[in-house]
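Engineer: Mind folding the following:
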Amino acid sequence: MMQDPISSKICWRKLIQIFCAWTLFCAPVLSAAKTVHQKIKDPTVQTPPLGKIPRVIAELSPQTKFAFVVDKALRTLSLWKNAQVPSLFAAYPTDMGRKPGNKLYRGDYKTPEGIYFFQETFTQPYLDFSLYGRRAFTMNYPNYFDLLQNKTGSGIWLHAIPDTQSLNRGSKGCVVVRNNVIEKLKKYIQLKNTPIVVQDKVDYIPPKEWSQQNHSLNQWLAEWKKAWESKNLEEYISYYSEDFKSLGMNKTKWKKYKDELNSKYKFIRVELENTDILKHNDQYIFRFQQKYQSDENQDFGEKYLYVKSVDGKLKILSEQWRALPSAKSTSEKTPTVLASGRKKDDPS
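Structural biologist: Sure thing, here's the model as predicted:
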């Protein structure tokens, strides 16, 4: 049967009208989507100066293979590999809090500046992909120094964003990189160990100056240890700040406590190993493994010294200690473990 030519023309006319209507409706949408995609442009990575080292990384122990440094001024996250002198391993553009400056309180949309350590990691389905991408690593904000300054807030992460989001959008305070970058970085992060130091503007120094800083800080630590082992109480306590607090004791009570232990033990031996030294402005964290031995007790654990430069001299603000799995003690009783992780009756 032959098709009616008039009906055929009407049918084609309707098809053309439908196509034109679809084009008029969809073309602007597609054009807008293309325009949005074209506008997404990441900050240009500003590679740290060749042959220089961030002052903030004063020393990395053999157990700390890598350290992260965020330079807000350069909008760059750099990864530094542990070596005789730390060396630049990689650098990536990064986003941060949408408001400039150091974080002070919850909801100020600023990225905190200081010395932090990665704690946990989250992946799908526990993350909102549109906000945090494929993966996030939590940081221990607020740290000890932040708490001293009454800073508030939490949930500061290193996380990713999808390619449809801009690295210029500004975060609520987190450090942000691309999905492909965080997948590269995950292999270099050891939870509870790898540090990340965030600064408004990082000071990069030549190897000779870095070595001088390294020597000076290690010498200070060795002299503190020597004063402790020799039971020279006045010399030992001179390393502590007037604002010192630890285990519920201030400096006066700490001195009395140490005096009692000096009288109790015939000898004290202390060995320090695997030392990390990190710096942020006048703040320092000394982290090391400590072997302690006296004629009545011995233990092995990880110690943090929170130190501040006061009038050009380093002073200890606090100590934290926790037993490591291989710790051995001659004491038959089970010691009380405080919130800090340190044993209540621990002589160290």
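Engineer: When you work out contacts or count neighbours from here on, use the C-alpha atoms and nothing else.
Structural biologist: Noted.
Engineer: mind checking how far the closest residue in space to residue 242 that isn't next to it in sequence is from residue 313?
Structural biologist: Leaving aside its chain neighbours, residue 242 sits nearest to residue 251 (6.3 Å; criterion: Cα to Cα, 6 or more residues apart in numbering). Using Cα to Cα, to the nearest Å, residue 251 is found at 17 Å from residue 313.
Engineer: do the same with residue 307
Structural biologist: Going from residue 307 to residue 313 by Cα to Cα gives 10 Å.
Engineer: which of the two has more neighbours?
Structural biologist: For residue 307 versus residue 313, neighbours defined as other Cα atoms under 10 Å are more numerous around residue 307 (24 against 10).
Engineer: Please name the nearest non-neighbouring residue to that one.
Structural biologist: That would be residue 316: by Cα to Cα, 6+ apart, it lies 4.4 Å from residue 307.
Engineer: give me the element that neighbour is part of.
Structural biologist: Using DSSP states H and E, residue 316 maps to strand 313-323.
Engineer: Pull out the C-alpha coordinates of that strand and format them as PDB.
Structural biologist: Provided in PDB are the C-alpha atoms of strand 313-323 (Å, rounded to 0.1, in the frame of the first residue of the first chain):
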ATOM      1  CA  LYS A 313      65.900  29.300  75.200                       C
ATOM      2  CA  LEU A 314      63.900  26.100  74.700                       C
ATOM      3  CA  LYS A 315      61.600  25.300  77.600                       C
ATOM      4  CA  ILE A 316      59.500  22.200  78.100                       C
ATOM      5  CA  LEU A 317      55.800  23.000  78.500                       C
ATOM      6  CA  SER A 318      54.600  19.400  78.900                       C
ATOM      7  CA  GLU A 319      55.500  15.700  78.500                       C
ATOM      8  CA  GLN A 320      53.400  12.800  77.300                       C
ATOM      9  CA  TRP A 321      54.500   9.200  77.400                       C
ATOM     10  CA  ARG A 322      52.900   5.900  76.400                       C
ATOM     11  CA  ALA A 323      54.200   2.300  76.700                       C
END
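Engineer: average pLDDT across it?
Structural biologist: Per-residue pLDDT over strand 313-323 has a mean of 97.
Engineer: And the helices in the stretch 1-150 of the chain, which stretches?
Structural biologist: Assigned by DSSP state H, counting those that start in this stretch, the helices in the stretch 1-150 of the chain fall at 5-39, 129-132, 144-148.
Engineer: That should have said the stretch 201-348 of the chain, apologies.
Structural biologist: Under DSSP H, counting those that start in this stretch, the stretch 201-348 of the chain gives helices at 207-229, 233-237, 251-264.
Engineer: Of those, which is nearest residue 277?
Structural biologist: helix 207-229 (8.0 Å; Cα to Cα).
Engineer: List the contacts of the strand holding residue 316.
Structural biologist: Residues outside strand 313-323 that contact it (Cα atoms under 8 Å, 6 or more residues apart in numbering) are 239-241, 243-246, 299-309, 340-343.
Engineer: Selecting buried members of those residues in PyMOL, what would you type?
Structural biologist: Only the buried entries of the contacts of strand 313-323 go into this PyMOL selection, using 16 or more other Cα atoms under 10 Å:
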select buried, resi 239+240+241+244+245+299+300+301+302+303+304+305+306+307+308+342+343
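Engineer: picking that back up, what's around the residue nearest to residue 242, how many residues?
Structural biologist: 18.
Engineer: try residue 295
Structural biologist: Residue 295: 12 neighbours (other Cα under 10 Å).
Engineer: measure it to residue 272 for me?
Structural biologist: Residue 295 is 19 Å from residue 272, where distance means Cα to Cα.
Engineer: ok now do the residue nearest to residue 195 when sequence neighbours are not counted, which residues does it touch?
Structural biologist: In this structure, residue 195 finds its nearest non-sequential neighbour in residue 117, 4.3 Å apart by Cα to Cα, 6+ apart. Contacts for residue 117 (Cα under 8 Å, 6+ apart) come out as 139-140, 191-196.
Engineer: Switch the helices of the stretch 201-348 of the chain over to a markdown table, and while doing so, append distance to residue 106 to every line.
Structural biologist: Output for those, formatted as a markdown table (distance: least, Cα to Cα, whole Å):
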| stretch | distance to residue 106 |
| --- | --- |
| helix 207-229 | 34 |
| helix 233-237 | 37 |
| helix 251-264 | 32 |
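Engineer: Relative to residue 53, which of these is closest?
Structural biologist: Per Cα to Cα, nearest to residue 53 of the helices of the stretch 201-348 of the chain: helix 207-229, 6.8 Å.
Engineer: Show me what the closest one is packed against.
Structural biologist: Counting contacts by 3 or more Cα pairs under 8 Å, 6 or more residues apart in numbering; DSSP states H and E, helix 207-229 packs against strand 57-59, helix 233-237, strand 268-280.
Engineer: Kindly format the C-alpha coordinates of that helix as CSV.
Structural biologist: In CSV, the C-alpha atoms belonging to helix 207-229 read as follows (Å, rounded to 0.1, in the frame of the first residue of the first chain):
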residue,chain,number,x,y,z
PRO,A,207,71.4,22.4,53.8
LYS,A,208,74.2,24.0,55.8
GLU,A,209,71.8,26.0,57.9
TRP,A,210,69.5,23.0,58.3
SER,A,211,72.4,20.9,59.6
GLN,A,212,73.3,23.6,62.1
GLN,A,213,69.7,23.7,63.4
ASN,A,214,69.6,19.9,63.5
HIS,A,215,72.8,19.8,65.6
SER,A,216,71.7,22.5,68.0
LEU,A,217,68.4,20.9,68.7
ASN,A,218,69.9,17.4,69.2
GLN,A,219,72.5,18.9,71.5
TRP,A,220,69.8,20.5,73.6
LEU,A,221,68.0,17.1,73.9
ALA,A,222,71.2,15.3,74.8
GLU,A,223,72.0,17.8,77.6
TRP,A,224,68.5,17.4,79.0
LYS,A,225,69.0,13.6,79.0
LYS,A,226,72.4,14.0,80.7
ALA,A,227,71.0,16.2,83.5
TRP,A,228,68.2,13.6,84.1
GLU,A,229,70.7,10.7,84.2
